[in-house]
Structure formats: structure tokens, C-alpha cells
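**Student:** Here is my input; please provide its structure:
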Amino acid sequence: MFRKSIAAAVTVACVGLAGAAAAGTRLTDTQYAQAARCQALASATSLGGSSPTAFDAIMRDQERGRTEMAYEAAQTAKENAAHQARVAGTYEKTQLTAERDGPCRVLAQSVSAIKNN
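**Tutor:** Below you'll find the model as predicted:
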């Protein structure tokens, strides 16, 4: 039950992140940390093949002007996601892969579409 709650919360958060990105606004500090989590999930070799290139660009573009606290929160989110991916069992890998391929992919596509317009 606890795992489902976490998965649902992350999904809602990432969907909110994609919505803000689609609106063309600068990501909030919380959304910046969520993008860092997506970057780690995209980079995780234990979850199968995925390219973190889009998230590398998002993080680079959004880094300027962040407070030290926001930067540290993003680093922590990235490290936690990488750790989760490394130690994940079959069920957890399924959940993390769904997060990476669902809300995280939507975020990357939304930000990319804005940059190209």
C-alpha cells in the first residue's frame, strides 16, 4: 500500500511538473528537484536503456539562479532516485520504469517543444 502511495504521489508531482513546463514558465525549485529525479531515472542502467540527454539539457538550462538549498534538494532527489534504481527489486523496477517512461517523458517532450517554438 505504501509503495502505491509513493508511486501515485510521484506521478501527480511529475504531471504537475510537465504542466508547468508546458506553460512556458521557469520551473519552481520543487519542480527542478523532480526533474533531477527524472534525470537519474533516465540514466539508470538497471532500468534498461533510456537516454538522459533531454534531462541533462533541462537541468543545465534551469540551473542558473537557483539557491543553494534548491540545488542541494535537486542533488538529493537525484541521488535518492539513483539509489532506488540500483537496489530495486522487480516490482520497484516496474514502478520506476513507469515513472521514467510516463510523467518524466512527458516533461522532457513539453520542455523540448517550448524550446523549439
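**Student:** the helices in the chain, which residues?
**Tutor:** Assigned helices in the chain, in chain order: 2-22, 29-43, 53-63, 68-87, 90-99, 105-116 (criterion: DSSP state H).
**Student:** Output the shortest one in PDB, but only the C-alpha positions, please.
**Tutor:** What it means is helix 90-99. The C-alpha trace of helix 90-99 is given here as PDB (Å, rounded to 0.1, in the frame of the first residue of the first chain):
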ATOM      1  CA  THR A  90      11.300  -6.500  -9.800                       C
ATOM      2  CA  TYR A  91       8.200  -4.600  -8.600                       C
ATOM      3  CA  GLU A  92      10.200  -1.500  -7.800                       C
ATOM      4  CA  LYS A  93      11.900  -1.500 -11.200                       C
ATOM      5  CA  THR A  94       8.500  -1.700 -12.800                       C
ATOM      6  CA  GLN A  95       7.300   1.300 -10.900                       C
ATOM      7  CA  LEU A  96      10.400   3.300 -11.600                       C
ATOM      8  CA  THR A  97      10.400   2.500 -15.200                       C
ATOM      9  CA  ALA A  98       6.700   3.500 -15.500                       C
ATOM     10  CA  GLU A  99       7.600   6.800 -13.800                       C
END
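**Student:** and that helix, what other elements does it pack with?
**Tutor:** Counting by 3 or more C-beta pairs under 8 Å, 6 or more residues apart in numbering; DSSP states H and E, the packing neighbours recorded for helix 90-99 are helix 2-22, helix 29-43, helix 68-87. Yep, even glycine has a C-beta here, placed from its N, CA and C like the rest.
**Student:** List the buried residues of it.
**Tutor:** 92-93, 95-97, 99 (16 or more other C-beta atoms under 10 Å).
**Student:** Relative to Gln109, which of the residues you listed is nearest.
**Tutor:** Nearest to Gln109 among the buried residues of helix 90-99: Glu99, at 15.1 Å, using C-beta to C-beta.
**Student:** ok, now which ones touch the most centrally placed residue in the chain?
**Tutor:** Centroid-nearest residue in the chain: Cys38, 2.2 Å away (criterion: C-alpha atoms, centre = their mean). Applying C-beta atoms under 8 Å, 6 or more residues apart in numbering, we find Cys38 in contact with 14, 55, 81, 99-100, 103-104, 107-108.
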